[in-house]
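S.K.: A structural model of the following input is requested.
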Amino acid sequence: MRIVIADPLAYSDPFERALRAALPSADFVRWPDLPEGADYDLLVAWHLPKDMTALPPSLRAVFCFGAGTDQLLDDPRIPGDVPIARLQDQGQAEQLLDYATHAVFALLQDDVVVRADQQARFWRLPDQQNRTRGSLRVAVLGLGPLGLHVAQGLSAAGFPVSAWSRTPRSIDGVACLHGDDGLSACVDGADVVVNLLPSRPETKGILSDRLFSRLAPGAYVVNLGRGDHLDEEALRAALDRGQLGAAWLDVFPVEPLPPEHWFWRHEWIRLTPHRAGLPTPQGAAASIAAVAAALEQGHALPGLVRSGRLIEN
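M.R.: I've put the predicted structure just below:
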């Protein structure tokens, strides 16, 4: 089996070693180090490179090397009969949970106020008891595999968690809601909202003034979904008037984030360069190997998000 790797995150010695250990008989080629017109069976990419103008008829599946598959599902270069499978990497899910937990604990410890006081050398005496985990409500938007893991992990850590998805779900220890009315109920009075939705027309700009106004005063917003989920001007207004206490942002419409963007300078924004949940060498290699084995054996692909039509050997 020939596998083309077209993602810079996989262009490293640890990933290559893990892939070759998991698939010793496969032929791996990095894009664009591929002869023109060459055939291959499996394409591994988070999004297709701009100069990848045509895919070969031999292509049997596309493997999404990252969180979220909307950018591949919407790419017209991928024929509709080619199946798409997503990464299943427990290490990546753990990283996203760690990031979300970090942000939730930051609010629990009043992080942005304490940091600002430190910069000002101001000794602020507490005017009330510290909050407890059980008193801080968290709303998780999106219950795909990663959102599910984050919601369950935060609930296991002792935080009351509500979660919203487009279709009904049921999770022990998590109040699950769905639909337009469910979204309002999910975020009403929440102290932290963690977004892990896919990018779809109906979710564009979902982190808006309408949603912010329903949160508890001083709430934190954590965006781990897509940059187009966030109404940036609504965020600025909510931060400046104190409706929101802070925003933790890991995804942006334009990446790298331009140096002149106001996010860099705002004191209530914690900005990270799209690193909240990176594929791990061992987890990604095992997931790719599972898809490759399913292709070889004619079985259903693990992590399938679009069935297409499996192309047999």
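
S.K.: What are the boundaries of the strands in the stretch 1-150 of the chain?
M.R.: Secondary structure of the stretch 1-150 of the chain (DSSP state E, counting those that start in this stretch): strands located at 2-5, 27-30, 42-45, 61-64, 84-86, 138-141.

S.K.: Reformat those strands into JSON lines and put mean neighbour count and mean pLDDT next to each item.
M.R.: C-beta coordinates here come from the backbone N, C-alpha and C atoms, glycine included. Shown next, in JSON lines, are these (neighbours: other CB atoms under 10 Å; pLDDT from 0 to 100):
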{"stretch": "strand 2-5", "mean neighbour count": "20", "mean pLDDT": "97"}
{"stretch": "strand 27-30", "mean neighbour count": "15", "mean pLDDT": "95"}
{"stretch": "strand 42-45", "mean neighbour count": "24", "mean pLDDT": "98"}
{"stretch": "strand 61-64", "mean neighbour count": "26", "mean pLDDT": "98"}
{"stretch": "strand 84-86", "mean neighbour count": "24", "mean pLDDT": "97"}
{"stretch": "strand 138-141", "mean neighbour count": "29", "mean pLDDT": "98"}
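
S.K.: would CSV of those with distance to Thr280 be doable?
M.R.: Listed next are the strands of the stretch 1-150 of the chain as CSV, based on distance: least, CB to CB, whole Å:
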stretch, distance to Thr280
strand 2-5, 15
strand 27-30, 18
strand 42-45, 15
strand 61-64, 15
strand 84-86, 15
strand 138-141, 22
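
S.K.: Which stretch among those strands approaches Asp209 most closely?
M.R.: Closest to Asp209 of the strands of the stretch 1-150 of the chain, according to CB to CB: strand 138-141, at 16.0 Å.

S.K.: For that closest one, enumerate the helices and strands it packs against.
M.R.: helix 145-156, strand 161-165, helix 179-187, strand 192-195 (3 or more CB pairs under 8 Å, 6 or more residues apart in numbering; DSSP states H and E).

S.K.: Can you add mean pLDDT and give the ones you listed back as JSON lines?
M.R.: Below are these laid out as JSON lines (pLDDT from 0 to 100):
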{"stretch": "helix 145-156", "mean pLDDT": "97"}
{"stretch": "strand 161-165", "mean pLDDT": "98"}
{"stretch": "helix 179-187", "mean pLDDT": "94"}
{"stretch": "strand 192-195", "mean pLDDT": "98"}
